[in-house]
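[1] Return a 3D structure for these sequence lines:
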Amino acid sequence: MALLVTQPSEGLPPLAATSRSIYEAAYQLSQGTGPFAIDTERAGAYRYDDRAYLLQIRREGSGTVLIDPEANRRLVTSVLGKVINNQPWIIHAAATDLPCLSELGFYPSTIFDTELAGRLAGLPRVNLASMLEERLEVTLKKAHGAEDWSRRPLPHSWLVYAALDVEKLLPLAESMKLLLDAHGKLEWHEQECAHLINTSSHGLDTQRSWQDIKGVSRLTRPRQLVVAEALWELRDDEARMKDTSVSRLLPDKVLISVAQRPPRNSQAALRASEIPKQYRKRIARWMPTINDVLESDPRTWPRKSQFDENQLPSKYVWEKIHPRSLEDFEEVKNSIVEKALLLNLPAENLMQPQSVKELCWQLRDVPRPISQNDVIECLIRLEARPWQIDNSAAVITNALNKD
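    Predicted coordinates for the structure are as follows:
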């Protein structure tokens with residue numbers, strides 16, 4: 001029976017939030033040995049971006065430190081970076097943590113992603129608590145992962161939860177290395193982790209565009225598109241100024257609804273039953289700007305972009321213009337699922353569905369039979385890792401050449 005861990009083994013470490021305590025935390029970590037177990041807590045559902053509001057780091061011989069980067073981000077970067085940069089890290093679900101760590105100026109030499117290890121090993125559940133229970137016979141209580149970590153002061157129970165997230169990461173990583181090695185998958189994991197560093201260590205993704213609004217494809221008329229663009233800019237400016245999540249100001253679903261049928265004026269916005277009550281005042285306040293763009297020269301309004309054959313189309317367009325390659329996609333997707341079952345791992349780890357779509361679209365006009373070299377070259381362009389190519393190129397080729 002798994003042991004429920006409710007408190008850090010060495011007691012709850014103090015939160016390093018002053019210049020002196022930040023120096024002390026960095027020094028404490030420098031006295032340890034081996035890789036750093038690292039986790040972050042963020043507040044992307046509450047704040048404008050997904051920056052880190054708490055760092056939890058543990059190292060053999062050093063114990064656990066908790067650091068508040070908001071207290072002095074520049075100092076944290078300077079002092080802590082000298083200790084943890086260009087060093088091996090252990091992270092659970094690295095793709096969620098690497099961007100905010102990169103934004104702080106932190107970067108590893110290598111990583112070992114325990115969540116990814118669980119996926120490649122075929123574990124049925126790969127959340128941290130489940131993996132600790134299966135591999136180490138200890139478990140953690142799920143508690144505060146979705147909290148607003150930008151809140152200050154941070155409650156004691158939250159800090160306990162945060163410290164426990166790195167408490168057992170080091171022995172979990174060792175256990176997973178042995179498991180992967182026993183199944184001949186350790187090199188696969190190394191390739192995946194190297195890819196994660198290359199693709200997730202470029203800071204926070206703040207390059208947003210109104211064309212990324214969920215549901216924007218439902219807007220077909222230039223009048224609707226110019227309103228959506230204006231609403232997006234108003235929302236983004238206000239969210240940035242207030243440092244709040246854009247979806248808390250105005251969800252995409254509401255934005256699209258307003259763009260489809262904008263109110264005539266501010267008073268109409270306040271009375272519009274189709275706009276949820278909590279958003280009417282904001283829309284009313286933005287109506288003068290909306291009306292200004294509607295009175296601008298229609299020749300300057302955005303148009304629904306024409307289809308670019310170099311880009312993957314929507315399924316609806318794809319079926320109309322090239323139904324054969326869409327059938328290929330379904331065939332290849334099913335073949336990937338079957339191969340993944342044989343390898344005992346999720347199909348999306350053998351090949352992301354988006355990559356399968358891109359491959360079938362890029363090879364749509366290649367004469368049949370398609371050679372395995374054509375498939376391999378395409379997979380390389382799509383940045384598939386060597387282990388993925390070795391395990392999927394033949395089954396993809398066979399699927400594409402089925403009559």
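[2] residues contacting His144?
    157-158, 161-162 (C-beta atoms under 8 Å, 6 or more residues apart in numbering). C-beta coordinates here come from the backbone N, C-alpha and C atoms, glycine included.
[3] Doesn't it belong to a strand?
    No - under DSSP: H, G, I helix; E, B strand; the rest coil, His144 falls outside any strand and is assigned coil.
[4] Point me to the residue sitting farthest from the middle of this structure.
    For the chain, the residue at maximal distance from the C-alpha centroid (C-alpha atoms, centre = their mean) is Gln267, at 40.0 Å.
[5] Could I get the phi/psi values of Asp68?
    When read as degrees, to the nearest 10, the backbone of Asp68 gives phi -100, psi 100.
[6] follow-up on the earlier one: give me the element the spatially closest residue to the residue farthest from the centre of the chain that is not a sequence neighbour is part of.
    Counting by C-beta to C-beta, 6 or more residues apart in numbering, Gln267 lies nearest to Ala284, which is 7.5 Å off, once chain neighbours are set aside. Here Ala284 sits within helix 277-294, counting by DSSP states H and E.
[7] In a helix, Ile90, correct?
    No - using three-state DSSP, the secondary structure at Ile90 is strand, not a helix.
[8] List the backbone torsions phi and psi for the residue positioned nearest the centre of the chain.
    Centre of the chain computed as the mean C-alpha position; nearest residue by C-alpha atoms, centre = their mean is Thr96, 4.9 Å away. When quoted as degrees, to the nearest 10, the phi and psi of Thr96 stand at phi -90, psi -20.
[9] Which positions in stretch 101-120 come out as buried?
    For stretch 101-120, burial by neighbour count (16 or more other C-beta atoms under 10 Å) applies to 101-104, 106-108, 111-120.
[10] same check, this time on stretch 318-338
    Counting neighbours by 16+ other C-beta under 10 Å, stretch 318-338 gives 318, 322, 325-326, 328-329, 331-333, 335-336 as buried.
[11] what sits opposite Leu66 in the beta ladder?
    In this entry, Leu66 is beta-bridged to Leu15, Gln56, by DSSP bridges.
[12] Just the pLDDT at it, thanks.
    pLDDT recorded at Leu66 is 99.
[13] what do you get for Phe307?
    For Phe307, the pLDDT comes out at 53.
[14] Same question for Val366.
    pLDDT, Val366: 93.
[15] ok, now Gly145?
    Reading off the model, Gly145 has pLDDT 82.
[16] How about Pro108?
    So, for Pro108, pLDDT stands at 98.
[17] just checking, it touches Gln87?
    Yes - contact criterion C-beta atoms under 8 Å: Pro108 and Gln87 qualify, at 6.4 Å.
[18] Need the overlap of contacts for those two.
    Both Pro108 and Gln87 lack any common contacting residue under the criterion C-beta under 8 Å, 6+ apart.
[19] Contacts only, for the residue nearest to Glu10 when sequence neighbours are not counted.
    Among residues not flanking Glu10 along the chain, Gly63 sits closest, at 5.1 Å (C-beta to C-beta, 6+ apart). Neighbouring residues of Gly63 by C-beta under 8 Å, 6+ apart: 10, 13, 28, 32.
[20] Measure how buried the closest residue to the last one other than its chain neighbours is and give me the count.
    In this structure, Gly32 finds its nearest non-sequential neighbour in Ser62, 3.1 Å apart by C-beta to C-beta, 6+ apart. Here the number of neighbours of Ser62 (other C-beta atoms under 10 Å) works out to 19.
[21] Would you confirm that Ser62 contacts Gly34?
    No - applying C-beta under 8 Å, one finds Ser62 not in contact with Gly34, separated by 9.5 Å.
[22] Now stretch 59-70: buried residues?
    For stretch 59-70, a neighbour-count test (16+ other C-beta under 10 Å) marks 59, 62-69 as buried.
[23] how about Ala95, secondary structure?
    Following three-state DSSP, the label given to Ala95 is helix.
[24] Neighbours of it, how many?
    By other C-beta under 10 Å, 13 other residues sit near Ala95.
[25] Number of residues surrounding the closest residue in space to it that isn't next to it in sequence?
    In this structure, Ala95 finds its nearest non-sequential neighbour in Ser200, 5.1 Å apart by C-beta to C-beta, 6+ apart. Residues near Ser200, counting by other C-beta under 10 Å, number 18.
[26] Same check on Ser157?
    11.
[27] Quick check: it vs Gln362, distance?
    51 Å (C-beta to C-beta, to the nearest Å).
[28] Likewise for Leu154?
    With C-beta to C-beta as the criterion, Leu154 and Gln362 are 48 Å apart.
[29] more crowded one of those two?
    The residue with more neighbours, out of Leu154 and Gln362, is Leu154; 21 against 17, by other C-beta under 10 Å.
[30] My understanding was that that one contacts Leu15; is that so?
    Yes - with contact defined as C-beta under 8 Å, Leu154 and Leu15 form a contacting pair (6.8 Å).
[31] residue ranges with poor pLDDT in the stretch 301-403 of the chain?
    Residue ranges of the stretch 301-403 of the chain with pLDDT under 70: 305-309.
[32] Would you map the helices across it?
    With DSSP state H, counting those that start in this stretch as the criterion, the stretch 301-403 of the chain has helices at 315-321, 323-343, 347-350, 353-362, 372-381, 386-400.
[33] Would you mind giving those helices as CSV with distance to Leu172 added?
    CSV is the format used below for the helices of the stretch 301-403 of the chain (distance: least, C-beta to C-beta, whole Å):
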stretch, distance to Leu172
helix 315-321, 40
helix 323-343, 22
helix 347-350, 19
helix 353-362, 29
helix 372-381, 31
helix 386-400, 22
